[in-house]
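Whatever this is, show me its structure:
(chains A and B)
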There are 2 protein chains.
Amino acid sequence: MKITVAPSAGFCFGVKRAINLAIDSASKFDTELNTLGPIIHNPQVVSQLKEKKIFPVDTIDEIKSDKVIIRSHGIKADIENKILQKNIAIIDATCPFVKRSQEYIRKAFLEGYFIIMVGDDKHPEVQSVISFADSSRYKVVNKLEELNKIKFDEKIALISQTTQDTNFYLSIICEVFKKTSKEIIVFNTICDATKLKQEEAAFLSSKSDIMIVVGGYNSANTNKLKNICRKIQNNTYHIETEEELKQEWFIGAENIGITAGASTPDWIIEKVVGKIQSFDIL
Amino acid sequence: MKITVAPSAGFCFGVKRAINLAIDSASKFDTELNTLGPIIHNPQVVSQLKEKKIFPVDTIDEIKSDKVIIRSHGIKADIENKILQKNIAIIDATCPFVKRSQEYIRKAFLEGYFIIMVGDDKHPEVQSVISFADSSRYKVVNKLEELNKIKFDEKIALISQTTQDTNFYLSIICEVFKKTSKEIIVFNTICDATKLKQEEAAFLSSKSDIMIVVGGYNSANTNKLKNICRKIQNNTYHIETEEELKQEWFIGAENIGITAGASTPDWIIEKVVGKIQSFDIL
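Numbers count the residues shown, from 1 in each chain, chains lettered A, B, ... in the order given. Below you'll find the model as predicted:
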């Protein structure tokens, strides 16, 4: 049995930066700190941070000190204003790629574009980014059919969630070009790490008898990876930790591919590899 | 025999505006006027304007009065500067859509994007638009393979000639998305009239036994129309005037489709229709 871990599996730049910023702040201020929402979409990492006195809270009122860590997905424009009004300092761990998307949306909104954001409207990144435009001036779409609800009678700006599947975004772009003869601006805001991970995952799926995708069930980029792998390799399993692995999945498999979402720490990936190796010995 | 002229055939908004501006200026100033290059890509229109004392010249030194008409395709940034330095006033008949492209290029250049312009590098519009960036910061491409010459190691802005074929532009966009994981901005600068004309031409080609495309041989948008029609209907002929029509083309044809480039005046289209009708009577 040969196990191959995708070279780009695991933490991306933005996640590393967010966790380091949180840990540095906790040691610097030597006080209990809060993140508004889980800092990244990985329950195991959130648990580890609790040991360092960093606790997620859901609302501004629950913030315990005079500072708060903004998680990697960013926050809504109005929440940011409320925090500042309460004289709470912001330790900004927003992913720089998400920040860039916020700037694009703000600019496109001010320049009069109607904005189509391709992503999951329930995802905190999308909610944060889109809040930088007025709610009457955008539509979040996650399916091709949803474009039918849009009147294409004004100029359009297209933007994507950083963890979007590139091919799906391209299919939306093509459809929008067909539907309007008005001006269009397309921002490709899918981040480097996401695209690289997706390409590696697709390649690895085509070479493997079984694909294991490791990452939080609430992680958008992990779920996208799972979908990409499953299209190519039916035997694709999404797990959060090594405990969920089942030996029977691996019967007769020679090549095992492993990839992991941007919020999955190396130590979880290592445990997954170790457990699969132990199946091989048995 | 049924003759159908595409509803959008002929003069577009930018061309109408340019010709009206030239004629108005000639009557207002009651003097011989020059356009820098032919005002639009239609030799018959250029000839008619000569009767109104509007003559094209190729260089600044040939300009005869203290004012010059800038043609619909626009001019290069450095030529504009030279004209102003010579205290020659500019009567600007640049198409507003071309103006918008110039602004986009300037902005993208200043924001550090490497620019890929999809179009014909010999076309005056492309030469005018692209001159608003530094020559080391762009590449004009007209074929998919030409993308191979570009290093995709920096952020990219994509822009198209206003008369570009939409599907070709989309194929370039998809290829660029595949080749880079860096930031991309796509400007859709294909103008309304061009896109509508192309859609109508494709539809008409599928319903006709023969397609006649009327327009200057040096007109980019007319040549694009010819290519679009020929892909669908082998019996596609590109002519400049009715004199080029040959009766044998129409033998056995029941449905005749006619379209015309943005620089083709109505009176030429009408003469083409009249000539084809006369074939039917014979």
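
mind listing the strands for chain A?
Listed in chain order, the strands of chain A (DSSP state E) span A:2-5, A:33-36, A:54-57, A:67-70, A:89-92, A:114-118, A:138-141, A:156-160, A:184-188, A:210-214, A:236-239, A:255-260.

What parts of the stretch 1-150 of chain A come near chain B?
residue A:100 (CB under 8 Å from any CB of the partner chain). All C-beta spots, glycine's among them, are computed from the backbone N, C-alpha and C.

which residues of the stretch 101-250 of chain A fall in helices?
A:124-130, A:166-179, A:192-207, A:220-232 (DSSP state H, counting those that start in this stretch).

Quick check: residue A:208 touching residue A:237?
No - Residue A:208 lies out of contact with residue A:237 (CB atoms under 8 Å); the separation is 11.7 Å.

who touches the spatially closest residue to residue A:46 that is not a sequence neighbour in this structure?
Closest residue in space to residue A:46, ignoring its immediate chain neighbours: residue A:38 at 4.8 Å, by CB to CB, 6 or more residues apart in numbering or on different chains. Each residue near residue A:38 by CB atoms under 8 Å, 6 or more residues apart in numbering or on different chains is listed here: A:46, A:56, A:71.

Redo those residues as a markdown table? Include neighbour count.
Shown next, in a markdown table, are the contacts of residue A:38 (neighbours: other CB atoms under 10 Å in any protein chain shown):
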| residue | neighbour count |
| --- | --- |
| A:46 | 20 |
| A:56 | 16 |
| A:71 | 26 |
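
if I look at residue A:155, how far off is residue B:1?
Remark: distance between residue A:155 and residue B:1 (CB to CB, to the nearest Å) = 42 Å.

Check residue A:112 too.
As for residue A:112, its distance to residue B:1 is 48 Å (criterion: CB to CB).

what does residue A:38 give?
For residue A:38, the distance to residue B:1 - CB to CB - is 72 Å.

Which segments of chain A make up each domain?
Annotated domains of chain A cover A:2-10+A:192-281, A:13-94, A:97-186 [automatic domain parsing].

Figure out the length between the terminal residues of the shortest one.
This points to domain A:13-94. For domain A:13-94, the first and last residues are 11 Å from each other (CA to CA, to the nearest Å).

Buried residues in stretch A:236-246, which are they?
Across stretch A:236-246, burial judged by 16 or more other CB atoms under 10 Å in any protein chain shown covers A:236, A:237, A:238, A:239, A:240, A:242, A:245.

which residues sit in contact with the nearest residue to residue A:156 once chain neighbours are set aside?
Sequence neighbours aside, residue A:184 is the residue nearest to residue A:156 in space, at 5.0 Å (criterion: CB to CB, 6+ apart). Residues near residue A:184 by CB under 8 Å, 6+ apart: A:155, A:156, A:157, A:158, A:176, A:177, B:186, B:187, B:188.

Quick one, grab the pLDDT at residue A:184.
Per-residue confidence (pLDDT) for residue A:184: 92.

Tell me what it is bridged to.
For residue A:184, the beta-bridge partners are residue A:156, residue B:188 (DSSP bridges).

how deep is whichever residue of the stretch 1-150 of chain A sits closest to chain B tucked in, by neighbour count?
Closest residue of the stretch 1-150 of chain A to chain B, CB to the nearest CB: residue A:100 (7.6 Å). Neighbour count for residue A:100, taken as other CB atoms under 10 Å in any protein chain shown: 16.

Could you do residue A:129 as well?
33.

Contacts only, for the nearest residue to it once chain neighbours are set aside.
In space, and not counting its chain neighbours, residue A:129 is closest to residue A:101: 4.6 Å by CB to CB, 6+ apart. Applying CB under 8 Å, 6+ apart, we find residue A:101 in contact with A:125, A:129, A:159, A:162, A:187, A:189.

Enumerate every residue touching the second one.
The one in question is residue A:129. Contacts for residue A:129 were tallied using CB under 8 Å, 6+ apart; they are A:74, A:98, A:101, A:102, A:105, A:117, A:159, A:161.

Residue A:60 is in contact with residue A:86, correct?
Yes - look at residue A:86 against residue A:60 with CB under 8 Å: they come within range, at 6.6 Å.

shouldn't residue A:223 be in contact with residue A:238?
Yes - with contact defined as CB under 8 Å, residue A:223 and residue A:238 form a contacting pair (7.4 Å).

okay, how far is it across stretch A:67-82, tip to tip?
The first and final residues of stretch A:67-82 sit 13 Å from each other (CA to CA).

so what pLDDT did the residue nearest to residue A:46 get?
Confidence for residue A:38, expressed as pLDDT, is 91.

intersection of neighbour lists for residue A:223 and residue A:238?
residue A:217.

Can you tell me the closest non-neighbouring residue to residue A:89?
Using CB to CB, 6+ apart and skipping the chain neighbours, the partner closest in space to residue A:89 is residue A:67 (4.2 Å).

buried residues in stretch A:216-236?
Applying 16+ other CB under 10 Å to stretch A:216-236 flags A:216, A:219-230, A:232-233, A:235-236 as buried.

And the contacts of it?
A:40-43, A:119-120, A:123, A:125, A:161, A:163-165, A:194, A:197-198, A:201-202, A:204-206, A:208-215, A:238, A:240, A:249, A:253, A:257, A:259-264.

any idea of the mean pLDDT in that stretch?
So the average pLDDT for stretch A:216-236 ends up being 94.

Export only the CA atoms of that stretch, formatted as PDB.
The C-alpha coordinates for stretch A:216-236 follow below in PDB (Å, rounded to 0.1, in the frame of the first residue of the first chain):
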ATOM      1  CA  GLY A 216     -13.700  20.300   9.500                       C
ATOM      2  CA  TYR A 217     -17.200  19.400   8.400                       C
ATOM      3  CA  ASN A 218     -18.000  23.100   8.500                       C
ATOM      4  CA  SER A 219     -15.000  24.000   6.300                       C
ATOM      5  CA  ALA A 220     -16.100  25.200   2.900                       C
ATOM      6  CA  ASN A 221     -12.700  24.600   1.200                       C
ATOM      7  CA  THR A 222     -12.600  21.000   2.600                       C
ATOM      8  CA  ASN A 223     -16.100  20.300   1.300                       C
ATOM      9  CA  LYS A 224     -15.100  21.600  -2.100                       C
ATOM     10  CA  LEU A 225     -12.000  19.300  -2.100                       C
ATOM     11  CA  LYS A 226     -14.300  16.400  -1.300                       C
ATOM     12  CA  ASN A 227     -16.600  17.200  -4.200                       C
ATOM     13  CA  ILE A 228     -13.700  17.500  -6.600                       C
ATOM     14  CA  CYS A 229     -12.200  14.200  -5.500                       C
ATOM     15  CA  ARG A 230     -15.500  12.400  -5.600                       C
ATOM     16  CA  LYS A 231     -16.200  13.400  -9.200                       C
ATOM     17  CA  ILE A 232     -13.000  11.600 -10.200                       C
ATOM     18  CA  GLN A 233     -12.800   8.900  -7.500                       C
ATOM     19  CA  ASN A 234     -16.000   7.300  -6.100                       C
ATOM     20  CA  ASN A 235     -14.000   6.000  -3.100                       C
ATOM     21  CA  THR A 236     -13.600   9.400  -1.500                       C
END
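
any chance of the contacts of residue A:38 in JSON lines, plus pLDDT?
Below are the contacts of residue A:38 laid out as JSON lines (pLDDT from 0 to 100):
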{"residue": "A:46", "pLDDT": "92"}
{"residue": "A:56", "pLDDT": "95"}
{"residue": "A:71", "pLDDT": "92"}
